[in-house]
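*Asks:* need a 3D model of the following:
(one chain, ligands or ions: 1)
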Amino acid sequence: MLEVLRKRRSIRKYQESPLKAKEVETLKEMLLRSPSAHNNKSWEFIFVDDRDLLKRLAEVRAGSSAFLAGASLGIVVMGNENTQDVWVEDASVASMVGQVAAAAMGIGSCWVQVRNRDHAPGVTAEDYVRRLLDIPAPFRVLAIIGMGYPAEEKAEVPIEKLPFEKIHSNRF
Ligand SMILES: Cc1cc2nc3c(=O)[nH]c(=O)nc-3n(C[C@H](O)[C@H](O)[C@H](O)COP(=O)(O)O)c2cc1C
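*Replies:* Numbering: from 1, shown residues only. Just a heads-up that it's a prediction; the model follows:
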């Protein structure tokens, strides 16, 4: 697990082959094992592997989301704002659990931020995704996690490059 965390990087270039069904099932299982506030499980997920939908999702935020067009899978991570005021935290934790689980299976992934971002002037990224995928209220969209077998290699960040000054001891 520590080696997986050390080596994990955001991967935005993917091979064309689809993920194995067993791996997709494992991703689902791991997402559903994510911790959540009061164990409310305020999250919901849409697994998108339809090529046309992935291309349309890639347009949600132009440059920041373009890589989704080449992903084998996009996991749309949502939260129910009626059942949990900290749905953002619940959904963020699940997103990261999904990314780490993917890395452990040799699957590359990268987060696309949707919440608090715009698709176009006057249209939020959330509204774009909601309309495209028929997501009803009260579900909010946090992010889309693009996944696929890596077609790029990224080196582990050397320990000397980590900003240890951000870690304080006892008091700030
Ligand atoms: C909250 C959050 C939002 C992010 N949004 C995007 C995004 O919209 N598009 C993108 O390509 N990467 C996005 N990323 C990935 C970051 O750019 C990436 O994690 C960061 O550059 C560090 O690189 P690494 O993951 O390889 O260590 C996001 C990551 C996080 C945690």
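
*Asks:* contacting residues around the nearest residue to residue 42 once chain neighbours are set aside?
*Replies:* Spatial nearest neighbour of residue 42, excluding adjacent residues (C-beta to C-beta, 6 or more residues apart in numbering): residue 84 at 3.5 Å. Every C-beta, even on glycine, is put in place using the N, C-alpha and C of the backbone. By C-beta atoms under 8 Å, 6 or more residues apart in numbering, the residues touching residue 84 are 36-38, 40, 42, 90.

*Asks:* list just the nearest of the residues you listed to the ligand.
*Replies:* Minimum distance to the ligand across the contacts of residue 84 is 14.3 Å, recorded for residue 90 (C-beta to the nearest ligand atom).

*Asks:* now the closest one, what's its secondary structure?
*Replies:* Here residue 90 is recorded as helix under DSSP: H, G, I helix; E, B strand; the rest coil.

*Asks:* if I look at the closest residue to it other than its chain neighbours, how far off is residue 133?
*Replies:* Leaving aside its sequence neighbours, residue 90 sits nearest to residue 36 (C-beta to C-beta, 6+ apart; 4.2 Å). The gap separating residue 36 from residue 133 is 22 Å, by C-beta to C-beta, to the nearest Å.

*Asks:* residue 37 now?
*Replies:* Taking C-beta to C-beta, one finds residue 37 at 25 Å from residue 133.

*Asks:* count of neighbours near residue 56?
*Replies:* Other residues within reach of residue 56, judged by other C-beta atoms under 10 Å, total 17.

*Asks:* residues contacting it?
*Replies:* residue 132.

*Asks:* noted, bye for now.
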